[in-house]
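Participant: Using only what follows, build the 3D model:
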Amino acid sequence: MNTAPFQLGQLPALSRSTADRNESLRADAERLLARWPAARVLLLDRRGRTPVPERAAREPRGEPVPLATRKAIDFGEHPPGNAAFLGQWQDTDYWFLPGEAGEDAETVSIPGGWGGWQDAPASEGEVWVDLRGHGSMLDDASAGLLTTAEALRNWHWRARFCSRCGGESELGQFGWVSVCGRCGKEEYPRTDPAVICLVHDDLGTNGEHVLLARQPVWPPKRYSVLAGFVEAGESLEGCVEREIREEVGVDVGDIRYLGSQPWPFPRSIMLGFAARAQAGASLRPADGEIEEALWVPRDEVRAAFAGKHRNLLLPGASSIAHVMLRAWAEANR
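Facilitator: Residues are numbered from 1 along each chain as shown. Okay, here's the model as predicted:
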């Protein structure tokens, strides 16, 4: 029986989106202003956290969780100057505004990414969660809206000054352009391409071992696949080859594209690939970048996903790395 090369078994969590974000919508000021009173607002605090129903965050049951948005009219008859339009979903406009949990919020411990726990503010039946640790538990519409809001939040913070003359900039087009008050230069939200590659050995179609590594700043037992930014004048495939060689000293071939996911931390798009390397290839971790690298057999990856591996913590469900590794683990050799 011929085995097909593995593919992503599901859409990466942060690639899910249902809102219509057509540029013509945010360019129609008259329409947006007229619909503002009936719109909904997503709040993000300084750490990129937004409110969701508290019980859903404390006791995840696998059911899609909605965002706890606010009525736009509660923020005034017109959009505040720092409001950003996110898109339209089911005839409702959605916006993003900075906001905080409030002084009366208590700190609670909730399940987070990588199988751990994290502290979060809670108040009035809501708990504030971040995209990285909890994006996968959101429903499709909420995941897309929060991903866009986080990307804009990060860009707004970095777009305060002009890249040409250093003058102060102001936001326009409802959060989607910054205009320098001194020279008039316009700038738009940027996305930096980065590759992330699952490397397996060349035993059979999908290999028997996968290459995992951990960064020095990560806690013990945490591993993932390798990733890196695309350099100027470099193709995506060339970046895959270079990054794997630089980080662990391994040559790869049969590079193929799997899928992509926005990763707004602060402004990346992760482009997922798979590649093959010689079975048992020696690994030489790059000093200062990779703390440890190892070849891991498929049954150990499966055990880690089942929570039965004591020494292997894999990426949380919000990342494309999680989807890539799960798809490989479930594939036949």
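
Participant: in this protein, which spans are helices?
Facilitator: 23-27, 29-35, 54-58, 131-134, 140-158, 236-248, 298-305, 320-330 (DSSP state H).

Participant: By mean pLDDT, show me the worst of the ones you listed.
Facilitator: Summarising mean pLDDT across the helices of the chain, the least confident stretch is helix 54-58, with a mean of 83.

Participant: helices and strands around it, which ones?
Facilitator: Applying 3 or more Cβ pairs under 8 Å, 6 or more residues apart in numbering; DSSP states H and E, we find helix 54-58 packed against strand 106-111, strand 126-130. (Glycine included, C-beta is placed from N, CA and C.)

Participant: Please name whichever of those strands is nearest to Asp20.
Facilitator: Closest to Asp20 of those is strand 126-130 (Cβ to Cβ; 25.1 Å).

Participant: what's that closest one in contact with?
Facilitator: 45, 47-54, 57-58, 68, 101, 105, 108, 110, 120-122 (Cβ atoms under 8 Å, 6 or more residues apart in numbering).

Participant: Buried among the residues you listed? Need that as a selection in PyMOL.
Facilitator: Only the buried members of the contacts of strand 126-130 end up in this PyMOL selection, burial being decided by 16 or more other Cβ atoms under 10 Å:
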select buried, resi 45+48+49+50+51+52+54+57+68+101+105+108+110+120+121+122
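
Participant: what's around the closest residue to Ser163 other than its chain neighbours, how many residues?
Facilitator: With Cβ to Cβ, 6 or more residues apart in numbering as the criterion, Ser163 has its nearest non-adjacent residue at 6.5 Å, and that residue is Glu187. Counted with other Cβ atoms under 10 Å, residues neighbouring Glu187 total 16.

Participant: you'd agree Glu187 is up against Gln173?
Facilitator: No: shown here, Glu187 and Gln173 do not form a contact pair, counting by Cβ atoms under 8 Å, at 11.4 Å.

Participant: neighbours around the nearest residue to His209 once chain neighbours are set aside, how many?
Facilitator: Counting by Cβ to Cβ, 6+ apart, Trp295 is the residue found nearest to His209 once chain neighbours are left out, at 4.1 Å. Other residues within reach of Trp295 by the criterion other Cβ under 10 Å amount to 19.

Participant: So which helix or strand of this protein has the lowest pLDDT on average?
Facilitator: Each helix and strand of the chain was given a mean pLDDT (mean pLDDT, DSSP states H and E); the minimum falls on helix 54-58 at a mean of 83.

Participant: Now do the end-to-end distance for stretch 171-191.
Facilitator: Distance between the two ends of stretch 171-191: 18 Å, counting by Cα to Cα, to the nearest Å.

Participant: Quick one: distance of it to the chain centre.
Facilitator: Going by Cα atoms, centre = their mean, to the nearest Å, the spacing between the C-alpha centre of stretch 171-191 and its chain's C-alpha centre is 24 Å.

Participant: that older thread, output the helices of the chain in CSV, with distance to Gly166 appended to each entry.
Facilitator: Converted to CSV, the helices of the chain look like this (distance: least, Cβ to Cβ, whole Å):
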stretch, distance to Gly166
helix 23-27, 27
helix 29-35, 29
helix 54-58, 42
helix 131-134, 31
helix 140-158, 14
helix 236-248, 32
helix 298-305, 49
helix 320-330, 36
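
Participant: Next up, the contacts around the spatially most central residue of the chain.
Facilitator: If you average the C-alpha coordinates of the chain and look for the closest C-alpha using Cα atoms, centre = their mean, you land on Trp263, 3.2 Å from that point. Listed by Cβ under 8 Å, 6+ apart, the contact partners of Trp263 are 14, 194, 269-270, 319-320.

Participant: how close does it sit to Asn22?
Facilitator: As defined by Cβ to Cβ, to the nearest Å, Trp263 lies at a distance of 23 Å from Asn22.

Participant: what's the domain layout of the protein?
Facilitator: 23-157, 159-190, 192-330 (the TED database).

Participant: how far out from the middle of the chain is the second one?
Facilitator: Read that as domain 159-190. On Cα atoms, centre = their mean, the centre of domain 159-190 falls 25 Å from that of its chain.

Participant: That domain: end-to-end distance?
Facilitator: Calculated as Cα to Cα, the first-to-last residue distance of domain 159-190 is 10 Å.

Participant: what sits against the nearest residue to Glu126 once chain neighbours are set aside?
Facilitator: The shortest distance from Glu126 to any residue other than its chain neighbours is 4.0 Å, reached at Pro51 (Cβ to Cβ, 6+ apart). The neighbours of Pro51, taking Cβ under 8 Å, 6+ apart as the test, are 43, 67-68, 101, 126-129.
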